[in-house]
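K.L.:
quick one, fold the following:
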Amino acid sequence: MKYLILVGDGMGDHAIAELGGKTPLEAANTPMMDELCRNGELFLNKTVPEGFPPGSDVANMTLLGYSPALYYTGRSPLEAAAMGVELAADETAFRCNTVTIKRHDDGKITMVDFSAGHISNEESHQLIQAVEAECGAEMFHFHPGVSYRHLMVLKGDLPGVVTVPPHDYIEKDVTEYFGRYLENPAWKELLEKIEKILAEHPVNLKRIHEGKNPANMLWLWGEGKMPSAPTLVERFNITGSMISAVDLLKGLGVVGGLDVINVPGATGYIDTNYEGKAQAAMDSLATQDFVFVHLEAPDEAGHQGSLADKITAIEDFDSRIVRPIVTQLQEKGEEFRVVVTMDHFTPLAIRTHSRDLVPTLLFDSRGTKAASGRAFNEKEALAHDRETNNSIDQGHTMIEKLLER
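P.N.:
Modelled structure (predicted):
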């Protein structure tokens, strides 16, 4: 038996007037997911426990079968694990976004773009390397990641501030949050130095000349120390792989004891290498029991507020991830159980994450008596739950349902 979890990050949404009251998932053409849902189980899953923020870190940890209440220590330690950065006991990792901020004459600061226009690896790595060369010291070190997603490691005491994710404040005033760091002299000196380095860097001067958003600040958030958790091999006696473009998910794979597959051309947006991800999943399942495939594109489209991109991302997830994987398994005559779901909603109206229970389908190639007969979307899942009351309140137990444990 092969087991799969296929995740369209941030795929869920709310009704949109422009779509006649439909969600993007309803409006999108998703024949494969709809077929699996009609012939499989449909339920709602609570991926974000009470008291936790609705982030991809918490939600995907839940999907992978780890209770955030027991194992969550922050987002950045997971990204550090993916990057091969080992944290000492006195070190804390911070996610470090290359962002575009705007300073106003009255001293206010606006978060213009949490990703600096989805800056390329080549450009962002030059910026992070320049910052490390000028600012790297015993207390601070910077490590390049993917696109706008990077890492800073702090040695010693935390600055004593509450950080916030930049994607929660797109086109909003962030003066208060930025000012929290400036209250600490060491951090104030660091950020002022970073801002000067970025303002003068040729990468940003070229981006401004080309009409692109410059990466004119590093935004620090998601801090934490390395978690300790049993692997999936230890818990369920299964081997498997993690396939994702982003370090957060790769880090979860490391924690889970999964092989982390780096797919060439995997970008984390709608231009990602869908075919490469699907083939990597099949290659992994040739020798392993389990695969977790994560697609970031719907979430990124939600943060950008792009309806067209979100629908495209959902349709590509269906036709270029779900369909080829399921079709190949069927053609090989493999017995398999597959979950298709999302980690959280990223509604276009708010351009950040929400706490909604996520629609989830579970298809068993051997058949099921609990076939839903419904299409796969938010409204159908909600209606089905009213009839069956089969939602999962402890989201981290969903993997046990998949594995029949």
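K.L.:
residue 360 looks like it's in a strand, true?
P.N.:
Yes. Assignment of residue 360 by DSSP: H, G, I helix; E, B strand; the rest coil places it within a strand.
K.L.:
residues contacting it?
P.N.:
The contact partners of residue 360, by Cβ atoms under 8 Å, 6 or more residues apart in numbering, come to 42-45, 339-341, 381, 392, 398. To be clear about C-beta, it is placed using only N, CA and C from the backbone, and glycine gets the same treatment.
K.L.:
widest-spaced pair of those residues?
P.N.:
Using Cβ to Cβ, the two most remote members of those are 340 and 392, lying 14.8 Å apart.
K.L.:
who's more crowded, these two?
P.N.:
Under the criterion of other Cβ atoms under 10 Å, the comparison of residue 340 against residue 392 puts residue 340 first, with 28 against 19.
K.L.:
tell me the SS of that one?
P.N.:
Taking three-state DSSP as the rule, one finds residue 340 in the strand state.
K.L.:
wouldn't it be in contact with residue 321 here?
P.N.:
No. The criterion here is Cβ atoms under 8 Å, and residue 340 misses it with residue 321 at 9.3 Å.
K.L.:
who touches both of these two?
P.N.:
residue 6.
K.L.:
what separates residue 239 from residue 287, distance-wise?
P.N.:
Computed with Cβ to Cβ, to the nearest Å, the distance linking residue 239 and residue 287 is 8 Å.
K.L.:
more neighbours: those two, which one.
P.N.:
Taking neighbours as other Cβ under 10 Å, residue 239 and residue 287 compare with residue 239 leading, 16 against 9.
K.L.:
now the more buried one: closest residue in space that isn't a chain neighbour?
P.N.:
residue 288 (4.5 Å; Cβ to Cβ, 6 or more residues apart in numbering).
K.L.:
count residues in the vicinity of the one you found, would you?
P.N.:
Count around residue 288 with other Cβ under 10 Å applied: 16.
K.L.:
quick one: contacts of the lowest-mean-pLDDT helix or strand in the chain?
P.N.:
Every helix and strand in the chain was compared by mean pLDDT, DSSP states H and E; the lowest is helix 76-82, with a mean of 91. The contact list for helix 76-82 (Cβ under 8 Å, 6+ apart) reads 57, 86-87, 92-95, 143, 145, 149, 151, 153, 222-227, 247-255, 260.
K.L.:
kindly report the same for stretch 366-386.
P.N.:
The contact list for stretch 366-386 (Cβ under 8 Å, 6+ apart) reads 12-14, 23, 25-26, 30, 33-34, 36-44, 335, 340, 356, 359-361, 391.
K.L.:
next one: stretch 186-202 to chain centre, how far?
P.N.:
Computed by Cα atoms, centre = their mean, to the nearest Å, the chain-centroid distance of stretch 186-202 equals 28 Å.
K.L.:
so for it, mean pLDDT?
P.N.:
Averaging pLDDT along stretch 186-202 gives 96.
K.L.:
go on, stretch 288-305?
P.N.:
For stretch 288-305, the mean pLDDT works out to 96.
K.L.:
report the buried residues of that stretch.
P.N.:
By 16 or more other Cβ atoms under 10 Å, the buried positions in stretch 288-305 come out as 288-304.
K.L.:
so residue 266 touches residue 244, yeah?
P.N.:
Yes. At 7.5 Å, residue 266 and residue 244 qualify as touching, with contact defined as Cβ under 8 Å.
K.L.:
of those two, give the one with the bigger neighbour count.
P.N.:
With neighbours defined as other Cβ under 10 Å, residue 266 and residue 244 compare such that residue 244 has more, 29 against 23.
K.L.:
my guess is that one contacts residue 297. True?
P.N.:
No. Between residue 244 and residue 297 there is no contact under Cβ under 8 Å: 11.4 Å.
K.L.:
and the contacts of stretch 366-386, which are buried?
P.N.:
Using 16+ other Cβ under 10 Å, the buried ones in these are 12-13, 23, 25-26, 30, 33-34, 36-44, 340, 356, 359-361, 391.
K.L.:
restricted to helices, list the residues you listed.
P.N.:
25-26, 33-34, 36-38 (DSSP state H).
K.L.:
which stretches of the stretch 301-405 of the chain have low pLDDT?
P.N.:
By pLDDT under 70, the stretch 301-405 of the chain has no low-scoring segment.
K.L.:
which stretches of it form helices?
P.N.:
Remark: helices assigned in the stretch 301-405 of the chain by DSSP state H, counting those that start in this stretch are 307-316, 323-331, 378-388, 398-402.
K.L.:
make a markdown table out of these and add distance to residue 180.
P.N.:
Below are these laid out as a markdown table (distance: least, Cβ to Cβ, whole Å):
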| stretch | distance to residue 180 |
| --- | --- |
| helix 307-316 | 32 |
| helix 323-331 | 45 |
| helix 378-388 | 36 |
| helix 398-402 | 36 |
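K.L.:
longest strand in this structure, by number of residues?
P.N.:
Counting by DSSP state E, the longest strand found in the chain is strand 91-103.
K.L.:
residues in contact with residue 45?
P.N.:
Here residue 45 is in contact with 341, 357-358, 360, 391-392, 395, 398 (Cβ under 8 Å, 6+ apart).
K.L.:
now those as JSON lines including distance to residue 100?
P.N.:
Below are the contacts of residue 45 laid out as JSON lines (distance: Cβ to Cβ, whole Å):
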{"residue": "341", "distance to residue 100": "32"}
{"residue": "357", "distance to residue 100": "34"}
{"residue": "358", "distance to residue 100": "30"}
{"residue": "360", "distance to residue 100": "35"}
{"residue": "391", "distance to residue 100": "40"}
{"residue": "392", "distance to residue 100": "39"}
{"residue": "395", "distance to residue 100": "34"}
{"residue": "398", "distance to residue 100": "37"}
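K.L.:
ok, so of the residues you listed, who is nearest residue 110?
P.N.:
Here the nearest of those to residue 110, counting by Cβ to Cβ, is residue 358; it sits at 31.3 Å.
K.L.:
so the closest one makes contact with residue 47?
P.N.:
Yes. The criterion here is Cβ under 8 Å, and residue 358 meets it with residue 47 at 5.5 Å.
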